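> With the input below, show me the fold.
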Amino acid sequence: MKTYGYDLLIQVDERLLNKALSALFYTGKLKVSGTYPFVEGVPPELRGFTEVAYRIRLRNEPYLDFKAKDAVGIRLSVEVVLTVLSGVNVEVEVDFGASAEVRFDLASSKIIYDLTNSGIYDITVNDRFRFHQNGLDRLNEILAILLKQYISNDVKEIELPISLQEVALPTLPDTPGNRLPVRKVDVAIQDQRLLALGVDFFDHAGGSLAGIPDMTEQAELLIALRTDALRQVAQFWWDRTTLEKTRAFSGSLPVNAHKTLAKGMDLFLRGITLGILQPETEVIKSDLVYDGTVSLLALPEFEFLSGNRAQVRNLKLKVDVHARLDTVSHRKLLADTSGLIPDKITPWQDDIKLSEKTKSDTLFHLEEDLSAEVESASCTVEVDEQSRLVLKVAEADLELDFGDIWYQNLTDRVANAFLDLLEKTIVKRIPPIVVSPALLLSDAKVMGYTFGVDIQSLELAPEELALTSNLTVKELTEGAIAVPLYIANKKSMKLHRFDCPVVEDIDFTHRVGYHSVSEAMKDGLKPCGECLRGYPTQGN
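The predicted structure is shown next:
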């Protein structure tokens, strides 16, 4: 089993996490300024000559590289502006690495990179000023101190696009009683490439991350969930939400009983006028027009089958039905001046034409509330547009029992035909049965950016389900950021910053723009060894 004893097992490829860092970079939040005194105890009037004012901002998005079981390295490329001697600006570009710890924070209930105790290593300075070696050594000392402060105090933590808390479920008020309880979260790095998370909900406790193989199948994200845990999550959510359990339906049924309807309409009018009015009606069109709603009353029992199918049992429904009979008829209306005297013995023309016209009528309205229970139904299993796992009813043996009112107003043939049509319509309109309220798959905002879901595979078994997916940062792929930061050469398959001198030599027909290094590397591009130092030279 892919859950390996947990309620929920997740494997996240570092490619996905680098997408999150790309989004973080484009927020522009990771920049800082301040002062650093390198000589203590000087008079205030001389302090400007013994301290460095600095501004630090990222030049590229950070890039992480998984290391050991719970450690990760993050490569950063920053622009540092140092102001010395009360006004002399020295601008340098610095590439460096920072170590971080990956952990689950119980207070914030999030998976984070903790940079508080980060170590700085592998500092490379783009020495455009040709510093003397002693000056360069001193600059490196100052930079190490400033970068350490930048990482541990100003950046401190980077939130991942995964939230595993006492989870606030969609459509519910975010109160403690409505939060899904999380009992345990284990976090580990596997094969220097995957972030693995084992999660237990409610009272279940089990599982170990030791020895778990890579199950992502080249996708960026694997989610494996025990069916029993999924049932508990689904029931917890269903017991607390009233939304998205009702769907409307509407339609019409042609009623091919024109002569019978015309006769009935004529008899009705003659009767209420005591025979004075004599209609001659021809019904041109007649339809039984209906609408209503079908609602799920409870979460049914469900079992996953192979082939993305499921079986549900004890499906309880409430159906509200409204119907009316609409007709279009041509009517000639005569006044019978002889009353009860037969026309053949009256010496005058007793039938006087009053009007002749085509008109639309609604003959009657009917409505009824019905309850139904489907013992068994076949469903398809899908991930819907809101990234929820849903069961969609494909086949169900539904039997409705109409009240007498329908047979009193309709012929048996019409009433039975309508009942058959209504049963088929209701099966098609049964609301999707949501069994996972998008705990991990929703289009959640992280730092103002939206992560979309691209499902790669969905495997079902009676004991568990496993889903693989890629994630996209929508704003980075839909043109929300106007100018790409990176330019690729399709011919050489090299990637450069837009301001790299090499870009000028790339033929325009060979240029492709990218908003993140990770997306470019996914397409097989190799980062430039000069302008993108520190990134892997081979794509994942």
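
> Can you give me the end-to-end span of stretch 239-247?
Criterion Cα to Cα, to the nearest Å; first-to-last residue distance in stretch 239-247 is 19 Å.

> what is the rounded mean pLDDT of that stretch?
For stretch 239-247, the mean pLDDT works out to 76.

> can you check stretch 20-39 too?
68.

> got it, and stretch 275-289?
On average, stretch 275-289 scores 86.

> Flag every buried residue along it.
Within stretch 275-289, the residues that count as buried by 16 or more other Cβ atoms under 10 Å are Gln278, Pro279, Thr281, Val283, Ser286, Leu288. (C-beta placed from N, C-alpha, C; glycine too.)

> Spell out which residues sit in contact with the fourth one, please.
To tie it back to what came earlier, the one meant is Val283. Counting by Cβ atoms under 8 Å, 6 or more residues apart in numbering, Val283 makes contact with His258, Lys259, Leu261, Ala262, Met265, Thr327, Val328, Ser329.

> Please enumerate the strands of the stretch 351-500 of the chain.
All strands of the stretch 351-500 of the chain, identified by DSSP state E, counting those that start in this stretch, fall at 351-383, 389-396, 433-436, 445-446, 449-460, 464-473, 486-489, 494-497.

> sorry, back to before: from the buried residues of stretch 275-289, which is closest to Phe236?
Taking Cβ to Cβ as the measure, Phe236 lies nearest Leu288 of these, at 42.3 Å.

> Which residue is the nearest non-sequential neighbour of the closest one?
Leu253 (4.4 Å; Cβ to Cβ, 6 or more residues apart in numbering).

> who does whichever strand or helix holds the one you found pair up with?
Assigned by DSSP states H and E, Leu253 belongs to strand 246-254. Strand 246-254 sits in its sheet next to strand 277-296 (antiparallel), going by DSSP bridges.

> What is the three-state secondary structure of Leu299?
Of the three states, Leu299 takes coil under DSSP: H, G, I helix; E, B strand; the rest coil.

> Quick check: the nearest residue to it once chain neighbours are set aside vs Leu17, distance?
Of all residues not flanking Leu299 in the chain, Trp238 sits nearest, at 4.3 Å (Cβ to Cβ, 6+ apart). Using Cβ to Cβ, to the nearest Å, one obtains 33 Å as the distance from Trp238 to Leu17.

> what's the weakest-modelled helix or strand in this structure?
Lowest on mean pLDDT, DSSP states H and E among the helices and strands of the chain sits strand 167-168, with a mean of 48.

> my guess is Thr327 meets Leu261, correct?
Yes: contact criterion Cβ atoms under 8 Å: Thr327 and Leu261 qualify, at 6.4 Å.

> overlap in contacts of these two?
In contact with both Thr327 and Leu261: Val283, Ser286, Leu363, using Cβ under 8 Å, 6+ apart.

> Of those, which is the nearest to Leu64?
When those are compared against Leu64 (criterion: Cβ to Cβ), the nearest one is Ser286, at 69.7 Å.

> Identify the bridge partners of that closest one.
Thr327.

> Could I get the full set of helices for this structure?
14-26, 133-149, 227-238, 258-272, 404-409, 412-429, 474-477, 517-522 (DSSP state H).

> May I have the first one as CSV, with CA atoms only?
Taking Å, rounded to 0.1, in the frame of the first residue of the first chain, the C-alpha atoms of helix 14-26 are listed here in CSV:
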residue,chain,number,x,y,z
GLU,A,14,11.8,19.6,-5.2
ARG,A,15,10.7,20.9,-8.6
LEU,A,16,7.3,21.8,-7.2
LEU,A,17,8.9,23.6,-4.2
ASN,A,18,11.1,25.6,-6.5
LYS,A,19,7.9,26.8,-8.2
ALA,A,20,6.7,28.1,-4.8
LEU,A,21,10.0,29.9,-4.4
SER,A,22,9.6,31.5,-7.8
ALA,A,23,6.2,32.9,-6.7
LEU,A,24,7.8,34.2,-3.5
PHE,A,25,10.5,35.9,-5.5
TYR,A,26,8.0,37.8,-7.7
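
> the inter-axis angle of it versus strand 449-460?
Relative orientation of helix 14-26 and strand 449-460, computed by axes from the mean of the first three to the mean of the last three Cα atoms, to 10 degrees: 160 degrees.

> what helices or strands is helix 14-26 leaning on?
Under the contact definition 3 or more Cβ pairs under 8 Å, 6 or more residues apart in numbering; DSSP states H and E, helix 14-26 sits against strand 63-66, strand 157-163, strand 194-201, strand 449-460, strand 464-473, helix 474-477, helix 517-522.

> That one to strand 194-201, inter-axis angle?
90 degrees.

> got the angle between helix 14-26 and strand 464-473?
30 degrees.

> With mean neighbour count and mean pLDDT added, can I get the strands of the stretch 351-500 of the chain in a markdown table?
Formatted as a markdown table, the strands of the stretch 351-500 of the chain follow (neighbours: other Cβ atoms under 10 Å; pLDDT from 0 to 100):
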| stretch | mean neighbour count | mean pLDDT |
| --- | --- | --- |
| strand 351-383 | 14 | 88 |
| strand 389-396 | 19 | 92 |
| strand 433-436 | 24 | 84 |
| strand 445-446 | 14 | 50 |
| strand 449-460 | 17 | 77 |
| strand 464-473 | 21 | 84 |
| strand 486-489 | 23 | 93 |
| strand 494-497 | 22 | 92 |
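
> Quick one: closest of these to Asn60.
strand 494-497 (6.9 Å).

> Was I right to think Cys500 contacts Gly529?
No: contact status for Cys500 versus Gly529: not in contact, 10.6 Å apart, counting by Cβ under 8 Å.

> more neighbours, the two?
Shown here are Cys500 and Gly529; by other Cβ atoms under 10 Å, Cys500 has more neighbours (18 against 11).
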